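*Asks:* next comes the sequence, and after it the predicted model I'd like to discuss.
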Number of protein chains: 2
Amino acid sequence: MSVTPEPPSSSAVGRGPIPVSGAWREGDPLGSRKLAHVVVDRPFHLEGGGVLRQVTVAYETWGRLNEDASNAVLVCHALTGDSHVAGRPDEVPSTGWWQGMFGPGRALDPQRSFIVCANVLGGCQGTTGPASVDPATGRPYGSSFPVVTIRDMVRTQALLADHLGIARWNAVVGGSMGGMQALEWAVMFPHRLSSMVIAATTAAASAQQIAWSMVGRRAILMDPNFAGGDYYDRPAGSGPHAGLAVARQIAQIHYRSEEVFAERFARKLVDPLDGSGSFRLDQRFDVEGYLDYQGEKLVRRFDANSYLRLNKAMDLHDLGRGRGGVEAAVRRIVVPSLVMSIRSDMNYPPYQQYRLRDLLRDAGTRVGFYEIDSPDGHDAFLTETSQISPLVAGFLDGANDLRSIL
Amino acid sequence: MSVTPEPPSSSAVGRGPIPVSGAWREGDPLGSRKLAHVVVDRPFHLEGGGVLRQVTVAYETWGRLNEDASNAVLVCHALTGDSHVAGRPDEVPSTGWWQGMFGPGRALDPQRSFIVCANVLGGCQGTTGPASVDPATGRPYGSSFPVVTIRDMVRTQALLADHLGIARWNAVVGGSMGGMQALEWAVMFPHRLSSMVIAATTAAASAQQIAWSMVGRRAILMDPNFAGGDYYDRPAGSGPHAGLAVARQIAQIHYRSEEVFAERFARKLVDPLDGSGSFRLDQRFDVEGYLDYQGEKLVRRFDANSYLRLNKAMDLHDLGRGRGGVEAAVRRIVVPSLVMSIRSDMNYPPYQQYRLRDLLRDAGTRVGFYEIDSPDGHDAFLTETSQISPLVAGFLDGANDLRSIL
């Protein structure tokens, strides 16, 4: 069910030496991205107390904005996503991460909608983040890049909406960290969207989610090549790759599920026994080869400083902060919503979405709910587009008559 | 339900500089341990092809062996356990890890049984392991210590049984990695035990279990203080503590459960906001303080090289290896057994013990089965002794009439 066919688990990513950071850097080709300079030479105050002197948002669009600007859909990406919802690599380091949602008749149909996706604040694919040049110093922010929150990301997306002339999104859509952004949109700007679609997300990060984030961060911080976060001047091959790869590998285990791992890898070996049949400490099972591949793949297209900040933003995600709690925050939401769970998701377990569904219903909004039956774990929001796309398409068609999907 | 009361999650372990290794080293006080030199100046061939010239087993005993040596119970410890099933620290670095199972009327009753627990081969609390002196060089094995398997551990325990004059254990008991040893005992030496008690264990490590092991190992290998495994000569404070701590923290998350973490930590902060209310990247939630505490606690009593080897031994655990598969291996088992699952165990999920129960029944042996109702996750085999002890005591009393617990 994978959108992107996965390679043999034992293959190497292998495209030459790994740059110190997988971030897009000024001067790199933009590919299909556009840049919006949404904050120029004035302070952008972050929720956590930091200040950015300028903010650029890298985004992509598909389709055409209609006459009354009523057909715009904002797609919000997850932790290691970027603006490239759909399309070939073309100078953007990954194929479209939600390709299966995309196309005529599907949930994201550029013939009907004007689809927008922006790289998040603190990210590394063109939007201002730790690898960007700090105008105060002329050098990459690195360790000095401040903590950002989901709310900060949403405020930059609102500035992008202004820039594009979109007063109100027809829908804001996202899974995982993307769902956090969609939730914040509905709370912060209740009249700037007409509907919300969220999958595999939560009203507030749980202790276990924070714990998983933490161990990934610790792996990065421990990597001697992390150099306190100021590694951008180091030669290719000497970035914090080992730490970022371990962080990704930790995450990859709980993005998937026990049953997928058992079926796909079982106890096969990727490194064969040598002639003597001896066991070696570094002899890998197939699942280890797969995780190595996933680690290297991320390292080539992501930035360790961004990973730290975006993980922290997810840990800090709490819809109720400063609003009298989650229930009170949800009562600010006025739009209809579609909430999706994944049966096998151990990272964002279904009870978290049940709670959101119930709070939204208690708040008097119309809610569609669906639990995706998939063994793919958290990643099912990416892989099960054949289930998700019709649900979302149906919801967007009938956002005023939710009974069709209830 | 914790056996050992846990400290406030924010407290530091704090007992001075951390030695490079938490291993027992020659010359350190033995405490309540005894040493058995079970292999002296002859090769001990390991399953994985390595050879050890001598093997010492550190063990503890409680109670008295009766006249016909029929009351001996072997307790097998888990990954980071040691011989200290019960008792105060007394020069052994931890309080008894299964204290709640121990005492008059309980499962492990020294007034009735002669209870034995040995530190496993490759461990670090007195039995030959990577921190031991290699007689060939006069220096610690370190990186040269070979891969050991669960079967190798069991063979050293069999040599210890010979040393103690025990032809047949009344029971071999263990949870997690201890359960792997008990299973191997029953397959390798079917007539040297009268019964088997296993909890939260598996017939063969699953791909997900291997994946979790792997990321912990990677964290250790990445620590610059690991120095390729030859760190024993380094000054105190400069051992591979960060790597071992991260490995422990990764494990600790899936040893417990989402519900325990949510209830205990929720979203409390351990590091307060500063006066300005700013968010910092290094500001910890309560669960992060708890994991830091757990990491440091392990680092003070364990050895990174042992952690690598014992994790690998667990990954290599496959009851069916070289025996025509798991079913065929289980058919070698002739003794009655008690199999226990834990409802909330995400590390060794109940389906793994259901399978063992079913295979044992199919093999024609008598099997008692019980699923522990606990939110404590995998660690419930340590914490839920108030449930487990009566079950095991009843089983040992009536091993010939299992209907009492079926």
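*Replies:* Here it is on my side, so go on.
*Asks:* show the contacting residues for the spatially most central residue of chain A.
*Replies:* Centroid-nearest residue in chain A: A:Ala78, 1.0 Å away (criterion: CA atoms, centre = their mean). Going by CB atoms under 8 Å, 6 or more residues apart in numbering or on different chains, A:Ala78 touches A:174-178, A:381-382. Backbone N, C-alpha and C define where each C-beta goes, glycine included.
*Asks:* need those in a markdown table with distance to chain B, pLDDT and neighbour count, can you?
*Replies:* Listed next are those as a markdown table, based on distance: CB to the nearest CB, whole Å; pLDDT from 0 to 100; neighbours: other CB atoms under 10 Å in any protein chain shown:
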| residue | distance to chain B | pLDDT | neighbour count |
| --- | --- | --- | --- |
| A:Gly174 | 21 | 98 | 27 |
| A:Gly175 | 19 | 98 | 28 |
| A:Ser176 | 16 | 98 | 27 |
| A:Met177 | 17 | 98 | 23 |
| A:Gly178 | 21 | 98 | 29 |
| A:Phe381 | 19 | 97 | 30 |
| A:Leu382 | 19 | 97 | 25 |
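*Asks:* need these in a markdown table with distance to B:Pro104 and secondary structure, can you?
*Replies:* Shown next, in a markdown table, are the contacts of A:Ala78 (distance: CB to CB, whole Å; DSSP: H, G, I helix; E, B strand; the rest coil):
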| residue | distance to B:Pro104 | secondary structure |
| --- | --- | --- |
| A:Gly174 | 59 | strand |
| A:Gly175 | 56 | strand |
| A:Ser176 | 53 | coil |
| A:Met177 | 55 | helix |
| A:Gly178 | 59 | helix |
| A:Phe381 | 55 | helix |
| A:Leu382 | 57 | helix |
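*Asks:* from those, which is closest to A:Ala219?
*Replies:* Nearest to A:Ala219 among the contacts of A:Ala78 is A:Met177, at 19.2 Å by CB to CB.
*Asks:* and A:Val92, what is it in contact with?
*Replies:* Neighbouring residues of A:Val92 by CB under 8 Å, 6+ apart: A:31-33, A:82-84, A:125.
*Asks:* before we move on, the earlier item: which residue, other than its chain neighbours, is closest to the residue nearest to the centre of chain A?
*Replies:* Of all residues not flanking A:Ala78 in the chain, A:Ser176 sits nearest, at 4.0 Å (CB to CB, 6 or more residues apart in numbering or on different chains).
*Asks:* please apply the same query to A:Ser194.
*Replies:* With sequence-adjacent residues excluded and distances taken as CB to CB, 6+ apart, A:Ser194 is closest to A:Asn170, at 5.2 Å.
*Asks:* so who does that neighbour touch?
*Replies:* Residues in contact with A:Asn170 (CB under 8 Å, 6+ apart) are A:70-73, A:113, A:193-195, A:396.
*Asks:* now do A:Leu298
*Replies:* Taking CB under 8 Å, 6+ apart, we find A:Leu298 in contact with A:22, A:80, A:244-245, A:248.
*Asks:* got a winner among these for most neighbours?
*Replies:* Counting neighbours by other CB atoms under 10 Å in any protein chain shown, A:Leu244 leads the contacts of A:Leu298 with 30 neighbours.
*Asks:* am I right that that one is in contact with A:Ala304?
*Replies:* Yes. Using CB atoms under 8 Å, A:Leu244 is in contact with A:Ala304, at 4.5 Å.
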